[in-house]
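**Q** Show me how the following folds:
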Amino acid sequence: MPDGIWRVGDRIIHAGKPEWGAGEVRAAEHGLIDGRTGQRLTVRFDRAGVKTIATQYATVRAADPSARPDEPEAEVEAVLDTAELRGRLVSLPEEATDPFRTRRARLQTTLALYRFSGSGASLLDWAAVVSGLRDPLSRFNRAELEQFFQRFRTNLDGHLKRLLFELKKDDPRAARELAPTAPPAAQQMLKRLDAGR
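**A** This is a model prediction of the structure:
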């Protein structure tokens with residue numbers, strides 16, 4: 001929505017939780033939270049169920065209008081073959097590598113990717129986010145996803161190391177400033193890379 005006003009029936013994505021998938025707004029109330037105007041939305045997400053979010057704190061954007069919650073991921077399945085999906089699973093998202101974004105912004109995105117782990121529900125959340133599949137187990141078994149995750153993590157670690165080297169010249173404080181809000185696995189990796197220098 002250009003005006004930022006969401007209505008019942010709108011399809012949205014929570015930018016901070018892409019693993020939830022798209023969701024349909026079930027209720028929308030206007031109001032103040034902590035002195036800020038916005039909306040309190042009750043949303044049924046494809047992968048996370050019903051959640052209540054406040055637009056004062058959550059970054060919400062419109063979902064792809066062609067994606068329907070009651071249709072299986074036919075659009076992704078029809079467009080992407082297995083080889084393309086495998087490539088997506090081991091590659092880093094464009095937000096982490098785009099040279100037109102600032103290095104600090106790329107670092108922030110890169111650190112956020114460490115929120116995923118290679119086991120349990122987190123593995124499935126990761127696979128859904130990077131592949132675009134609503135149910136990654138519909139195309140790959142768990143053992144395959146675990147292997148893809150290990151390759152992804154190796155690529156992520158290498159990317160972080162290169163990015164920190166580049167930032168050392170431009171913005172040497174960036175890693176120290178972003179580390180406290182990074183996931184624990186990212187903080188551990190930053191310490192490991194700092195100790196290795």
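**Q** Who are the contact partners of Ala58?
**A** His14, Ala15, Gly16 (Cβ atoms under 8 Å, 6 or more residues apart in numbering). For glycine as for every other residue, the C-beta is placed from the backbone atoms N, C-alpha and C.
**Q** quick one: which of those residues is most hemmed in?
**A** Within those, most neighbours by other Cβ atoms under 10 Å means His14, with 21 neighbours.
**Q** Now that residue. Its backbone dihedrals?
**A** phi -80, psi 110 (degrees, to the nearest 10).
**Q** That one touches Trp20, doesn't it?
**A** Yes - proximity of His14 to Trp20 meets the contact threshold set by Cβ atoms under 8 Å, at 5.7 Å.
**Q** Between these two, which contacts overlap?
**A** By Cβ under 8 Å, 6+ apart, the residues touching both His14 and Trp20 are Phe45, Lys51.
**Q** how's the protein carved up into domains?
**A** As given by automatic domain parsing, the domain ranges for the chain are 11-62, 74-195.
**Q** Can you add mean pLDDT and distance to Ile5 and give those back as TSV?
**A** Putting the domains of the chain into TSV (pLDDT from 0 to 100; distance: least, Cβ to Cβ, whole Å) gives the following:
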stretch	mean pLDDT	distance to Ile5
domain 11-62	85	7
domain 74-195	87	26
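**Q** which residues touch the helix or strand hosting Ala28?
**A** Using DSSP states H and E, Ala28 maps to strand 23-33. Strand 23-33 has contacts (Cβ under 8 Å, 6+ apart) with 6-14, 37-46, 48, 50-51, 54, 56-57, 63, 69.
**Q** And the helix or strand just after it, what's buried?
**A** Downstream of strand 23-33, the first helix or strand assigned by DSSP H and E is strand 36-45. Using 16 or more other Cβ atoms under 10 Å as the test for burial, strand 36-45 gives Gly38, Gln39, Leu41, Thr42, Val43, Phe45.
**Q** Not including adjacent chain positions, what is the nearest residue to the last one?
**A** Nearest in space to Phe45, with sequence neighbours left out and distances taken as Cβ to Cβ, 6 or more residues apart in numbering, is Gly23 at 3.7 Å.
**Q** roughly how far apart are that neighbour and Asp125?
**A** From Gly23 across to Asp125, the span is 15 Å (Cβ to Cβ, to the nearest Å).
**Q** Then Gly9?
**A** Separation of Gly9 from Asp125 (Cβ to Cβ) stands at 26 Å.
**Q** The two - which one has more neighbours?
**A** Higher neighbour count among Gly9 and Asp125: Asp125, with 21 against 9, using other Cβ under 10 Å.
**Q** What strand or helix carries that one?
**A** Per DSSP H and E: Asp125 is located in helix 120-131.
**Q** which strands and helices sit next to that helix?
**A** For helix 120-131, the elements it packs on are helix 82-90, helix 142-170, judged by 3 or more Cβ pairs under 8 Å, 6 or more residues apart in numbering; DSSP states H and E.
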